[in-house]
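Engineer: below are the sequence and a predicted model for it; my questions follow.
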Amino acid sequence: MAFYLALLLDTILVSNVVLAQFLGICPFLGVSKKLDSAVGMGLSVTCVLVISTAVTWLINHAFLAPNNLGYLQTLVFILVIAFLVQLLEISMKKFIPSLHRALGIYRPLITTNCAVLGVTISAVDEGLDFLPSLVFALGSGLGFLLAMVLFAGVRGKMERCNIPQSFRGMPITLIAASIVAMAFMGFSGLADGIFGI
Amino acid sequence: MRNRDILLNGIIKENPTLVLVLGTCPTLAVTTMAVNGLGMGVATMAVLICSNIVISLLKNVIPDKVRIPCYIVVISGFVTIVSLLMEALAPGLYKSLGLFLSLIVVNCIILGRAEMFAAKNTVFHSMLDGIGMGLGFTLALVLIGSIREILGSGTWFGMTVMPSFFTPITIFMLAPGGFFVFGCMIALVNKLRQKNDSLVHNGCMNCPNVHHCHNAQEAQEGGCC
């Protein structure tokens, strides 16, 4: 149990998927302007991450690894992710239309989100077992959600500031992200310190 | 026209990294050292040129409705080739680029150029566009990598360039330094571009998803992948 908690805490705070590993920067910068869209994007990425990690892990261990097809990993994984995003979209539309309306608009952004491909590949590369892979994916998704929500707050404050002309838009957003990333560096060693692993 | 214009377009006027702000993840992640930036830039350029050529050749064959999955298959094929080549020829670089070599697949510069340029232009022009965009990406990565390496560890391409009394500012090698240097670079480019009065970040207009993306309006400043 302690192992799973440590893994979860580590992926959410210490090696945060956006602020420490630079995965999924584009939606982090693009969709974090308003709190509700940040939450919507964060939740749908978390959902896609957990499901696609489960599927790609199974495909990798049942099919690719035994047949020495490791070099097909990138190709197979990206197609599986694209397929799953599409499938999730259709089934959500059918069974939970309210959630579909809330999250649906972020679908096209998720397939080309490098956080999803990055996390599924690293779960396999790091040789995690099935359950730890799922916890790793869940933690990464929640870390993405946390970073998005926090950053939406930061950007809300920034709207009312008088920013020099050439820093408006992207540059000041990146510099704000740098300060948030610096704050997250304070978490380093947290999981080891609490759980002594 | 235009051969020269197409080539220069990607390097200066529509630099994918500093003007269009596409492909931010590899830009931030691998630029801790100039040599990593160079390696990433060249790998991406190789994939971009090859995929532009192939997609431009196939533009009349690929059905419109399934074009994005087709593009992704072509691109990931070339990414696999490039990463296998790099593993064999430059194992050190392969190790330090790691995961981000596979993630060239989801680099929106490549998918964006396939959709915006290669699917509409001749093979030769698409190749030139690939070379120009690839060079622009490589130049930006080497520039950001150089700044971070010089400030963060006092070296450039591994050679010591700073005087001995200089204490390396390690934070430039870490995540916050990446965001900071990238932000300052874009601000500098904005400053230079203000003279031309064309200060537009049209990241979303170059995105392959722009027609399906209901978020394009909201996210147009800077864009998202």
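Structural biologist: Noted; the coordinates are in hand.
Engineer: report the next helix or strand after the secondary structure element (helix or strand) that residue B:137 belongs to in sequence order.
Structural biologist: Using DSSP states H and E, the element containing residue B:137 is helix B:123-153. Past helix B:123-153, further along toward the C-terminus, the next helix or strand under DSSP H and E is strand B:155-156.
Engineer: tell me the mean pLDDT for that next one?
Structural biologist: Mean pLDDT, strand B:155-156: 90.
Engineer: just checking: what are the partner strands of that strand?
Structural biologist: Applying DSSP bridges, strand B:155-156 is found paired with strand B:159-160 (antiparallel).
Engineer: distance from the strand it pairs with to the middle of the chain?
Structural biologist: On the basis of Cα atoms, centre = their mean, to the nearest Å, the separation between the geometric centre of strand B:159-160 and that of its chain is 26 Å.
Engineer: cool, stretch A:165-185 as well?
Structural biologist: Here the centre of mass of C-alpha atoms in stretch A:165-185, compared against the chain's by Cα atoms, centre = their mean, lies 19 Å away.
Engineer: ok, stretch A:48-55 next?
Structural biologist: From the chain centre to the centre of stretch A:48-55 is a distance of 11 Å (Cα atoms, centre = their mean).
Engineer: ok, and what's touching that stretch?
Structural biologist: By Cβ atoms under 8 Å, 6 or more residues apart in numbering or on different chains, the residues outside stretch A:48-55 that reach it are A:80-81, A:84-85, A:88, A:110, A:115-116, A:119-120, A:123, A:130, A:133-134, A:136-138, A:140-141, A:144. Quick note: C-beta positions are derived from backbone N, CA and C, even for glycine.
Engineer: residue A:95 versus the residue nearest the centre of chain B, what's the distance?
Structural biologist: For chain B, the residue nearest the mean C-alpha position is residue B:137 (4.1 Å; Cα atoms, centre = their mean). Relative to residue A:95, residue B:137 is positioned 42 Å away (Cβ to Cβ, to the nearest Å).
Engineer: report pLDDT for residue 186.
Structural biologist: Picking chain A for this. In the prediction, the pLDDT value recorded for residue A:186 is 88.
Engineer: right idea, wrong chain: chain B
Structural biologist: We have a pLDDT of 91 for residue B:186.
Engineer: which one is it nearest to, not counting chain neighbours?
Structural biologist: residue A:171 (4.6 Å; Cβ to Cβ, 6 or more residues apart in numbering or on different chains).
Engineer: any regions of chain A where pLDDT drops low?
Structural biologist: Applying pLDDT under 70 to chain A picks out residues A:102-109, A:196-197.
Engineer: longest helix anywhere in it?
Structural biologist: helix A:130-158 (DSSP state H).
Engineer: how close does the residue in chain A positioned nearest to chain B sit to residue A:134?
Structural biologist: Minimum separation of chain A from chain B (Cβ to the nearest Cβ) falls at residue A:30, amounting to 2.3 Å. Applying Cβ to Cβ, the value for residue A:30 to residue A:134 is 28 Å.
Engineer: before we move on, what about residue B:137?
Structural biologist: The gap separating residue B:137 from residue A:134 is 35 Å, by Cβ to Cβ.
Engineer: repeat that for residue B:60.
Structural biologist: Spatial separation of residue B:60 from residue A:134 under the definition Cβ to Cβ is 44 Å.
Engineer: can you give me the helices in chain A?
Structural biologist: For chain A, applying DSSP H gives helices covering A:2-9, A:25-30, A:35-59, A:73-95, A:97-103, A:107-111, A:114-125, A:130-158, A:170-185, A:190-195.
Engineer: ugh, typo on my part, it should be chain B
Structural biologist: Listed in chain order (using DSSP H), the helices of chain B are B:3-8, B:24-29, B:34-57, B:67-89, B:91-97, B:99-102, B:108-113, B:123-153, B:175-194.
Engineer: output the contacting helices and strands for the first one.
Structural biologist: Helix B:3-8 sits against helix B:123-153, with contacts defined as 3 or more Cβ pairs under 8 Å, 6 or more residues apart in numbering or on different chains; DSSP states H and E.
Engineer: name the residues of the helix it packs on that come out as buried.
Structural biologist: B:125-153 (16 or more other Cβ atoms under 10 Å in any protein chain shown).
Engineer: quick one: list the elements packing against it.
Structural biologist: Under the contact criterion of 3+ Cβ pairs under 8 Å, 6+ apart, the helices and strands touching helix B:123-153 comprise helix B:3-8, helix B:24-29, helix B:34-57, helix B:108-113, strand B:155-156, helix B:175-194.
Engineer: go through the ones you listed and name the closest to residue A:186.
Structural biologist: Ranking the helices and strands packed on helix B:123-153 by their distance to residue A:186 (criterion: Cβ to Cβ) puts helix B:175-194 first, at 11.3 Å.
Engineer: ok, the residue of chain B most remote from its centre to chain A distance?
Structural biologist: Relative to the mean C-alpha coordinate of chain B, counting by Cα atoms, centre = their mean, the farthest residue is residue B:165 (35.2 Å). Distance check for residue B:165 against chain A: by Cβ to the nearest Cβ, to the nearest Å, it reads 26 Å.
Engineer: please parse chain B into its domains.
Structural biologist: Chain B resolves into domains spanning B:3-163, B:174-225 when parsed by automatic domain parsing.
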